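**Q** I would like the atomic coordinates for the input below:
(2 chains)
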Amino acid sequence: MSLQNFRAIAAIYKFELHRFRRTLLTGLLVPVITTTLYFVVFGGAIGSRMTEVDGIAYGAFIVPGLIMMSMLTESIFNASFGIYMPKYSGTIYELLSAPISATETVIAYVGAAATKSLIVGTIIFATAHLFVDIHVAHPLAMAGFMLLIAISFCLFGFILGIWSQGFEQLQVIPLLVVTPLTFLGGAFYSVHMLAQPWQTMTLFNPIVYLISGFRWTFFGRGDVAIEYSLLFVAGMMALCLGIIGWMFRTGYRLKK
Amino acid sequence: MDFAFDGGGARGGCIAGLPPYLCRNAKGAEPSMASIIEIKGLTKRYASGFEALKGVDLNIEEGEIFALLGPNGAGKTTMISIICGIARASGGSVTVAGHDIVRYYRGARTAIGLVPQELHTDQFERVIDTVRLSRGLFGLPRDEAHVEKVLRDLSLWDKRNNRIIELSGGMKRRVMIAKALSHEPRVLFLDEPTAGVDVELRRDMWKLIGELRQTGVTIILTTHYIEEAEEMADRVGVINRGELMLVEEKTALMKKLGKKTLTIVLADPLTTVPAELSEWHVTLGADGHEMEYIFDTQAERTGVSSLLRRLGDLGIGYKDLNTRQSSLEDIFVELVHQEKAA
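**A** Predicted structure coming up:
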């Protein structure tokens, strides 16, 4: 851990947010439109037949899952793109030749990406309010959980960005792994609604713990105990930090 | 020969008459003043087994312009990449402004500005934003006056709000130089600064380098244009196949450039040089069919006419005469050839 060059952290953070600002309109419109579509399809068309899940109105029930789904993809995409672009364009030379430590680099890039994810999460939350009544049981825990999720998945995205050697690799993990796991992770249903053996098998899906934990902060209950969810997020963060540490120590796909 | 081969006969000592900073070996007379860059036994071996650097020793003095000459693939860029932190060394050590580049990378890198060979820019950003970013990355506080000065010096001020993608190649290169200068480096690396740029930009670049030198910035540039090294450098280093083959002051090289070789093709071969010709220090070549005389074109008396008169007096006939200028290019080609033969 080496923290000294705070100006460099600030410079990268600002530069990255500026990059997001350039695509502000699409960046904000996309989550709003997506959320609206999900509400129209799942809340309106299907929700009208389902009424309640675990004693919660279906429209409200899917809100944590929707926020989580967008935040996971946003986090991975923003963080991976943020570090992949300099690699792709070659401007990474400046980062590598600057007096900046690995810790500072990660704080700056992951911090900027996580900031954008949190903004997107908040917008979806606000949009959802237009459609359904939501009463958040644990507002502080909700904000904290969003922050933890944003940081851990931005760390994961950062790893993906360093590992990727082409744009298609950048897309593979989010599209083929994260999105399916989110759909199957209880974003739109409760795990208890599944028949065996699917109910047990679902517990091997890591996303279940995230959505469940987030749902707990909203409604005071989830599919699994909140402790398991927190443990999972902490474990994922530790694993990602470990991998990033190794990448910087060995110069993996960064240094020749 | 008054230049040192790395790993050749000159290793381990200093050649008489050369300034101490030309002694590149640790065991020789150490320079009394610390150099801004000290490279010792630097090696780089890639995973493929290719050896890009084979033990380079070199000191760069503060305030000088050093030109690193060499053919493509000689190891110039690899060496710069290691010093700047872009590549890792396999062995050896480098200090910049007294800081080891690995252990005290912050101190070392703060002193360095790097302009790589390839045009790497943030295409979608504005010129001024990327220059500000560079300053911040190197830990310096905002200084709009300095950023403006750098942009003006590089004729980029009018383009400051343009996105980089809108600029020409030459302008993009200026942006990269502006980025490097934005954080006020003590040492500036210019990797092939004039490769593929037009005549105007090349002249601007030379002017800029001259001005930077006035401010005390140490400049290390790589090039494969010999005239560029001749034009600007205080010292020249020749690198080939990962080995530094020659490091010499340019003035010493220019002296060599001022020398010519007179080749006299003899009518009848000689076995020994007649004692009467000793004052000219001539040598015999081509199995005694040719006599060579090296003379200084700048001297008041070149000795050419007196030598020819003496040959006439001695009754030594000749069929042909020619003179040849030895250029930096000759030395360069010779060095590269020796290396290939070895």
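
**Q** Could you pick out the residues of chain B near chain A for me?
**A** Chain B has residues B:46, B:81, B:84-88, B:105-110, B:112, B:114, B:116, B:118, B:120-125, B:129, B:132-141, B:179 near chain A, with proximity defined as C-beta under 8 Å from any C-beta of the partner chain. The way it works is simple: take the backbone N, C-alpha and C, and place the C-beta from them, glycine included.

**Q** Can you flag the buried ones in those?
**A** For those, a burial check counting by 16 or more other C-beta atoms under 10 Å in any protein chain shown picks out B:81, B:84-87, B:105-110, B:112, B:114, B:116, B:120-123, B:125, B:129, B:132-140, B:179.

**Q** For the stretch 201-342 of chain B, just list every one of the strands.
**A** B:218-223, B:235-240, B:243-249, B:259-266, B:283-285, B:290-296, B:318-325 (DSSP state E, counting those that start in this stretch).

**Q** For those, give me CSV that also has mean pLDDT.
**A** What follows is the strands of the stretch 201-342 of chain B, written out as CSV (pLDDT from 0 to 100):
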stretch, mean pLDDT
strand B:218-223, 93
strand B:235-240, 90
strand B:243-249, 89
strand B:259-266, 83
strand B:283-285, 82
strand B:290-296, 83
strand B:318-325, 83
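
**Q** Checking the residue in the stretch 101-250 of chain B positioned nearest to chain A next. Helix, strand or coil?
**A** Nearest residue of the stretch 101-250 of chain B to chain A (C-beta to the nearest C-beta) works out as residue B:136 at 2.5 Å. Classification of residue B:136 by DSSP: H, G, I helix; E, B strand; the rest coil places it in helix.

**Q** okay but it is in contact with residue A:5, surely?
**A** No: contact criterion C-beta atoms under 8 Å: residue B:136 and residue A:5 do not qualify, at 9.1 Å.

**Q** Enumerate every residue touching residue B:202.
**A** For residue B:202, the contacting residues are residue B:194, by C-beta atoms under 8 Å, 6 or more residues apart in numbering or on different chains.

**Q** Please tell me how far it sits from residue A:185.
**A** Between residue B:202 and residue A:185 the computed distance is 60 Å (C-beta to C-beta, to the nearest Å).

**Q** cool, residue B:200 as well?
**A** For residue B:200, the distance to residue A:185 equals 61 Å [C-beta to C-beta].

**Q** Looking at the two, which is more packed in?
**A** Ranked by neighbour count (other C-beta atoms under 10 Å in any protein chain shown), residue B:200 and residue A:185 place residue A:185 first, with 25 against 9.

**Q** excluding its backbone neighbours, what's nearest that one?
**A** Leaving aside its chain neighbours, residue A:185 sits nearest to residue A:207 (3.2 Å; criterion: C-beta to C-beta, 6 or more residues apart in numbering or on different chains).

**Q** Do you know the pLDDT at the one you found?
**A** Residue A:207 carries a pLDDT value of 92.

**Q** burial count for it?
**A** Residue A:207, neighbours per other C-beta under 10 Å, totals 24.

**Q** Residue A:244 now?
**A** 21.

**Q** Can you say which helix or strand has it in it?
**A** Using DSSP states H and E, residue A:244 sits in helix A:226-250.

**Q** can you list contacts of that helix?
**A** The contact list for helix A:226-250, computed with C-beta under 8 Å, 6+ apart, reads A:102, A:105-106, A:145, A:148-149, A:151-152, A:155-156, A:158-159, A:162, A:206, A:209-210, A:212-214, A:216, A:222, A:252-254.

**Q** And those residues, which of them are buried?
**A** Buried, going by 16+ other C-beta under 10 Å: A:105-106, A:145, A:148-149, A:151-152, A:155-156, A:158-159, A:162, A:209-210, A:212-214, A:216, A:222, A:254, out of these.

**Q** Just the ones in helices from those, please.
**A** A:105-106, A:145, A:148-149, A:151-152, A:155-156, A:158-159, A:162, A:209-210, A:212-214, A:216 (DSSP state H).

**Q** Point to the residue nearest the middle of chain A.
**A** residue A:72 (2.5 Å; C-alpha atoms, centre = their mean).

**Q** chain center to the one helix or strand it maps to: distance?
**A** Taking DSSP H and E as the definition, one finds residue A:72 inside helix A:63-89. Put simply, helix A:63-89 sits 7 Å off its chain's centre (C-alpha atoms, centre = their mean, to the nearest Å).

**Q** all strands of the stretch 1-150 of chain B, in order?
**A** B:37-45, B:51-60, B:65-69, B:91-96, B:99-100, B:112-115.

**Q** tell me what the second one is packed against?
**A** The one in question is strand B:51-60. strand B:37-45, helix B:76-84, strand B:91-96, strand B:243-249 (3 or more C-beta pairs under 8 Å, 6 or more residues apart in numbering or on different chains; DSSP states H and E).

**Q** Give the partner strands of that strand in its sheet and their orientations.
**A** Taking DSSP bridges as the criterion, strand B:51-60 sits next to strand B:37-45 (antiparallel) in its sheet.

**Q** I'd like the mean pLDDT over the partner strand, please.
**A** Per-residue scores along strand B:37-45 average to 97.

**Q** And the pLDDT at the closest residue to residue B:167 other than its chain neighbours?
**A** For residue B:167, ignoring the flanking residues on the chain, the nearest one in space by C-beta to C-beta, 6+ apart is residue B:159 at 6.4 Å. In the predicted model, residue B:159 carries a pLDDT score of 97.

**Q** now do residue B:225
**A** pLDDT, residue B:225: 77.

**Q** same deal with residue B:198?
**A** For residue B:198, the pLDDT comes out at 76.

**Q** what's near enough to touch it?
**A** residue B:170 are the contacts of residue B:198 under C-beta under 8 Å, 6+ apart.

**Q** can you tell me how far it sits from residue A:26?
**A** 39 Å.

**Q** cool, and residue A:218?
**A** 28 Å.

**Q** Tell me which of these two has more neighbours.
**A** More neighbours surround residue A:218 than the other of residue A:218 and residue A:26, with 24 against 9 (other C-beta under 10 Å).

**Q** The more buried one is in contact with residue A:134, isn't it?
**A** Yes: Residue A:218 lies in contact with residue A:134 (C-beta under 8 Å); the separation is 6.9 Å.

**Q** hey, what's in contact with both of the two?
**A** With C-beta under 8 Å, 6+ apart as the test, residue A:218 and residue A:134 both reach A:60, A:63.

**Q** neighbours around residue B:195, how many?
**A** Neighbours of residue B:195 (other C-beta under 10 Å): 15.

**Q** next one: residue B:53
**A** Residues lying near residue B:53 (other C-beta under 10 Å) number 27.

**Q** just checking, what's the longest helix in chain B?
**A** helix B:199-214.

**Q** Good, wrapping up.
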